[in-house]
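Trainee: next input, structure requested:
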Amino acid sequence: KQNRITKSQKVELMLFDTLFLFAKPVKIRNGARRNLVFRQVHRSLLEVAEVAVEGQFVFGVTIFDQETQTRIVEYFRTATNTDLVRWLEAFHPPKNEEDIYQVWDAPMAKVVDEYVALEKEELTLCLGETVYILNRGQDGYSKGYLKQDTPIFDRPLQGWFPTCCIEEIDSLHKQAKELKRSIADGGVSAL
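Mentor: The predicted structure is shown next:
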């Protein structure tokens, strides 16, 4: 399909930890304004980059749509370069030097073998728990963050543990990675 170009219209963008919302400002009674959300996308299904347009501050958002198996690119113009930089930094926050993934975009794993932390920076793992993998070390250890279904108060939630104690499970991170790879290999057409 060919690229579609629509005329400019005011759109409100909202970025949460794991969710990106596209909203249209609408008027309601008494002249008040509200935002009507017309699209929501999990953050791991997006790629954001600056777009070079002379004299304008533009960034592109590529949405990888799981339902239609397509790629949609939307372009947004900001009023100032500062606004553009803020949006780009919001999508690409600085990472801790040793962390490869942010929690919202990390692969998930189930604990298949219990582990009791021996050092302060290690993480105790209980059978059946779910862990977000933040970093896979070269030494056979991974750094992770425990997914909390119920509050955990008696031990740290983040730390290092032997990689052999976990098994990666299907997650949105894994699905997004496979969809992006499929599109890159030409398996999916772009809108």
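Trainee: what segments of this structure are strands?
Mentor: Along the chain, counting by DSSP state E, strands occupy 12-15, 19-27, 33-42, 46-53, 56-65, 70-78, 108-111, 130-136, 141-146, 158-162, 166-168.
Trainee: pull up the pairing partners for the fifth one, direction included.
Mentor: This means strand 56-65. The pairing partners recorded for strand 56-65 under DSSP bridges are strand 46-53 (antiparallel), strand 70-78 (antiparallel).
Trainee: rewinding a little: pick the most deeply packed of the strands of the chain.
Mentor: Neighbour counts (mean count of other Cβ atoms under 10 Å) averaged over each of the strands of the chain peak at strand 141-146, with a mean of 22. All C-beta spots, glycine's among them, are computed from the backbone N, C-alpha and C.
Trainee: residues making contact with it?
Mentor: Among residues not part of strand 141-146, those counted as contacts by Cβ atoms under 8 Å, 6 or more residues apart in numbering are 98-99, 103, 106, 109, 123, 129-137, 152, 157-163, 166.
Trainee: hmm, try it at 7 Å
Mentor: Contact with strand 141-146 is made by 98-99, 103, 123, 129, 131-137, 152, 157-163, 166, as judged by Cβ atoms under 7 Å, 6 or more residues apart in numbering.
Trainee: also stretch 122-140?
Mentor: Counting by Cβ under 7 Å, 6+ apart, 98-101, 103, 106-111, 114-117, 142-147, 155-156, 158-163, 165-166 sit against stretch 122-140.
Trainee: pLDDT at residue 112, what is it?
Mentor: We have a pLDDT of 96 for residue 112.
Trainee: which elements pack onto the lowest-mean-pLDDT helix or strand in the chain?
Mentor: None of the helices or strands of the chain scores lower by mean pLDDT, DSSP states H and E than helix 172-184, at a mean of 77. When contacts are defined as 3 or more Cβ pairs under 7 Å, 6 or more residues apart in numbering; DSSP states H and E, helix 172-184 packs onto strand 56-65.
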